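K.L.:
Generate coordinates for the sequence data below:
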Amino acid sequence: MNNNIFQKILKNKAAKQKMLAVLLDPDQCRNEHLTDILNILKTHKPDFIFVGGSHTTFSTEILIEQIKQNTAIDIVLFPGDASQFSAKADALLYLSLISGRNPEYLIGQHVNSSLAIKESGIEVIPTAYILIEGGSTSSVEYMSTTKAIPRSKYNIALSTAMAGELLGMQIVYLEAGSGAELSVPDEMIKIIRNELSIPIIVGGGIKTLDSLQKAYDAGADLVVVGNAFETEPNKIQDFVEFVDKYNIKVD
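P.N.:
This next block holds a predicted model:
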């Protein structure tokens, strides 16, 4: 079992180089729409492609195969449950929903998938998954039957993230939810960044370059964007170019 993806994240974090992941939902990225996105990704490459969703009916594995046929970008599984696992991805975010109290998403799905994951040899990245209120009920909240941490409760979010780090999680993922009206508060990201040593991923509600920059400035190491690209695939080019310019300024 290798750790190439995680080492890449650590290396970029140490160099203060921000990262971008494009999230592709198997149910949303199909046919001509998927073709359009893949054509853009051939020339404008984010650091990673995340694949997964809270509830999917279309095959995760088929989508991964289609991506691999058209790009050389690292593919990271971002699964809603054990059924979305595919050994064809380059790495797996092994998500434990530590903001909730539903044992099924804290450990249950992991028990169901652990033997297959171990046997596959895929890179596994233990990830503390934390839902933050995004202005509306997200698919993750509904499917997991858990509540998101209120946007104003910075101390609860910090304590939860710190618990994840102390439990040995390698990454903290702050998630406002797909299609969220509001992204994770910048001040919340900043407070958590100041106290944690492990990488921080932020996703949900990032729809503009301004919100992307604010997340980076607050301390996000990797930002995930999905819903904005589903409706406007051409935005991928703008976001990728922005991250390149942001990182040059850091240098």
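K.L.:
can you pull the contacts of residue 104?
P.N.:
Counting by CB atoms under 8 Å, 6 or more residues apart in numbering, residue 104 makes contact with residue 144. C-beta here means a position set from N, CA and C on the backbone, and glycine is covered the same way.
K.L.:
How much space separates it from residue 219?
P.N.:
31 Å (CB to CB, to the nearest Å).
K.L.:
One more: residue 115?
P.N.:
36 Å.
K.L.:
leaving aside the residues next to it on the chain, what's closest to residue 220?
P.N.:
Closest residue in space to residue 220, ignoring its immediate chain neighbours: residue 202 at 4.0 Å, by CB to CB, 6 or more residues apart in numbering.
K.L.:
picking that back up, comparing residue 115 and residue 219, which shows the higher neighbour count?
P.N.:
Ranked by neighbour count (other CB atoms under 10 Å), residue 115 and residue 219 place residue 219 first, with 17 against 9.
K.L.:
Nearest residue to that one in space, ignoring adjacent ones along the chain?
P.N.:
Leaving aside its sequence neighbours, residue 219 sits nearest to residue 193 (CB to CB, 6+ apart; 2.8 Å).
K.L.:
count of residues packed around the one you found?
P.N.:
Neighbours of residue 193 under the rule other CB under 10 Å: 17.
K.L.:
can you check residue 232 too?
P.N.:
For residue 232, the number of neighbouring residues by other CB under 10 Å comes to 11.
K.L.:
got it, and residue 159?
P.N.:
14.
K.L.:
mind checking pLDDT for residue 53?
P.N.:
Confidence at residue 53, expressed as pLDDT, is 87.
K.L.:
what does residue 70 give?
P.N.:
Residue 70 is assigned 94 on the pLDDT scale.
K.L.:
And the strands in the stretch 101-250 of the chain?
P.N.:
In the stretch 101-250 of the chain, the segments counted as strands under DSSP state E, counting those that start in this stretch are 123-131, 171-175, 200-203, 222-225.
K.L.:
Mind giving me the packing neighbours of the longest one?
P.N.:
Looking back up the chat, that one is strand 123-131. Where contact means 3 or more CB pairs under 8 Å, 6 or more residues apart in numbering; DSSP states H and E, strand 123-131 is packed against helix 4-14, strand 91-97, helix 139-144, helix 154-166, strand 171-175.
K.L.:
Distance of residue 230 relative to residue 22?
P.N.:
Using CB to CB, we find residue 230 at a distance of 10 Å from residue 22.
K.L.:
Most tightly packed of the helices and strands packed on strand 123-131?
P.N.:
strand 171-175 (a mean of 26; mean count of other CB atoms under 10 Å).
K.L.:
now the angle between strand 123-131 and that strand, please.
P.N.:
Using axes from the mean of the first three to the mean of the last three CA atoms, to 10 degrees, the direction of strand 171-175 lies 40 degrees away from that of strand 123-131.
K.L.:
Show me what strand 171-175 is packed against.
P.N.:
strand 91-97, strand 123-131, helix 154-166, helix 186-195, strand 200-203.
K.L.:
Adding distance to residue 79 and mean pLDDT, write the ones you listed out as JSON lines.
P.N.:
Converted to JSON lines, those look like this (distance: least, CB to CB, whole Å; pLDDT from 0 to 100):
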{"stretch": "strand 91-97", "distance to residue 79": "7", "mean pLDDT": "98"}
{"stretch": "strand 123-131", "distance to residue 79": "11", "mean pLDDT": "98"}
{"stretch": "helix 154-166", "distance to residue 79": "18", "mean pLDDT": "98"}
{"stretch": "helix 186-195", "distance to residue 79": "24", "mean pLDDT": "98"}
{"stretch": "strand 200-203", "distance to residue 79": "14", "mean pLDDT": "98"}
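K.L.:
could I get those as JSON lines with distance to residue 176?
P.N.:
Shown next, in JSON lines, are the helices and strands packed on strand 171-175 (distance: least, CB to CB, whole Å):
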{"stretch": "strand 91-97", "distance to residue 176": "14"}
{"stretch": "strand 123-131", "distance to residue 176": "8"}
{"stretch": "helix 154-166", "distance to residue 176": "12"}
{"stretch": "helix 186-195", "distance to residue 176": "10"}
{"stretch": "strand 200-203", "distance to residue 176": "7"}
